[in-house]
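Peer 1: What shape does this take:
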Amino acid sequence: MLRSKTSRRAQYSMEFVIFFAILSIAFSVWLFVYSGLIEDAFVTREKRAISDLGMAVQANIVTASNAHTGYYSSALTIPGTAGASQFGIRNTENVFVVSLIKDGQVKEETSYNIPYTIGVLKKGVNGLRNVNGVVLAGDVWISPVNYTLCKQAPSGCSSIASEIRTQCCAATGGPVLADPGLHICC
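Peer 2: Predicted structure coming up:
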């Protein structure tokens, strides 16, 4: 009888160890799969935040472009982060680009077509103006009168006053494209 109690205890102990090992393996597999799902959800959330930001900027610029001459809005605020993600922005005359940054490196870029825009968008509050269908972003300002003079200036620019030339050119630190294909810096 003593031997049979000992063998039962040993059997129970062995069953417990085997059961615990199987549960440990199952838990490890579940943890591995679950961490992958969490990572996928986090990446999807980052991409959605970047996409929402890009579409909001695009919508604001389209609204400014479609508005009347003289329209001004300071409603475009670009946050420092999108959700929990770091990002960078840049724009050219017809494209707005949002870059997802991880570990100090650009991981993904998304481009958005925008109407013809002069100026640089930045994080924070951005003013948008419409001057004859051209969107002026940030601190760029050309009055409608000066815009017309700049647009009509001959390539030599000798026919416009120097203060208007300065307003046309100094705002962006380089050539101002008052009209697609028309360079107005002297």
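
Peer 1: Quick check: beta-bridge partners of the closest residue to residue 60 other than its chain neighbours?
Peer 2: Excluding the flanking residues, the one nearest residue 60 by CB to CB, 6 or more residues apart in numbering is residue 76, at 4.3 Å. Yep, even glycine has a C-beta here, placed from its N, CA and C like the rest. For residue 76, the beta-bridge partners under DSSP bridges are residue 126.

Peer 1: OK, contacts around residue 76?
Peer 2: Taking CB atoms under 8 Å, 6 or more residues apart in numbering, we find residue 76 in contact with 56, 57, 60, 61, 121, 125, 126, 127, 128.

Peer 1: Please apply the same query to residue 117.
Peer 2: 61, 65, 91, 93, 94, 134, 135, 136, 137.

Peer 1: Could you give the bridge partners of the last one?
Peer 2: It stands for residue 137. Beta-bridge partners, per DSSP bridges, of residue 137: residue 128.

Peer 1: again with the third one
Peer 2: Beta-bridge pairing for residue 91 (DSSP bridges): residue 96.

Peer 1: close enough to count as contact, it and residue 116?
Peer 2: No - under the criterion of CB atoms under 8 Å, residue 91 is not in contact with residue 116, lying 11.2 Å apart.

Peer 1: So which of those two has more stuff around it?
Peer 2: residue 91 (21 against 15; other CB atoms under 10 Å).

Peer 1: okay, the more buried one: pLDDT?
Peer 2: At residue 91, the model reports a pLDDT of 90.

Peer 1: And residue 72, by the same measure?
Peer 2: So residue 72 comes in at 90 (pLDDT).

Peer 1: what's the answer for residue 128, then?
Peer 2: The predicted local confidence for residue 128 is 92.

Peer 1: ok, it - how many residues close by?
Peer 2: 24.
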